[in-house]
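> no sequence for this one, just the structure:
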C-alpha cells in the first residue's frame, strides 16, 4: 500500500503562485511515475502533469504548459507542482497520484483545494 499526502493548496489572486507538495509513504519502491490531476466545480477530473521517477521525464496538459512546473525529490519520496501565473480557471481540487506501471494510476491522495480569485 501507498499513502499520498498533499499540501500547499489555498486561496490566491489571479497572477499569483502556489506550490503543491505530495509526500509518498509505504510501498514506494518501483514507482514508475507520479502525477497531478484536478477536478474543478462541475467538471470531470483531468490530467495536469506527470513525472517519471527514473529520468524525470515530464508531461503537461496544454492549458498549464509554461505556467506549471512539476518536479520530484526521490530521496524524500516527494513530488511538487509549482504553479505560476494562476488563472481563475485553475480553481479545482488538486489530487496527486502514483503509478507503478505505465498504464495505471494506482494510488490517489485526498486532494487539496486551490482557489484563484479575480
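That came through, no problem. Quick caveat, the model's predicted, so the values are computed rather than measured.

> Now do the contacts for the residue lying closest to residue 98 once chain neighbours are set aside.
Setting aside the residues directly before and after it, residue 98 is nearest to residue 107 in space (C-beta to C-beta, 6 or more residues apart in numbering), at 4.4 Å. For every residue, glycine as well, the C-beta is placed using N, CA and C. Contact partners of residue 107, counting by C-beta atoms under 8 Å, 6 or more residues apart in numbering, are 1-4, 97-98.

> Which one of the residues you listed sits in the busiest neighbourhood?
Each of these was scored for neighbours by other C-beta atoms under 10 Å, and residue 98 scores highest at 25 neighbours.

> Just the element for that one, please.
Under the criterion DSSP states H and E, the helix or strand holding residue 98 is strand 92-99.

> got a list of contacts for that strand?
2, 4, 6, 9, 20, 22, 24, 31-41, 43, 45, 48, 79, 81, 105-114.

> Buried ones among the residues you listed?
2, 4, 6, 9, 20, 22, 24, 31-38, 48, 79, 81, 105, 107, 109, 111-112, 114 (16 or more other C-beta atoms under 10 Å).
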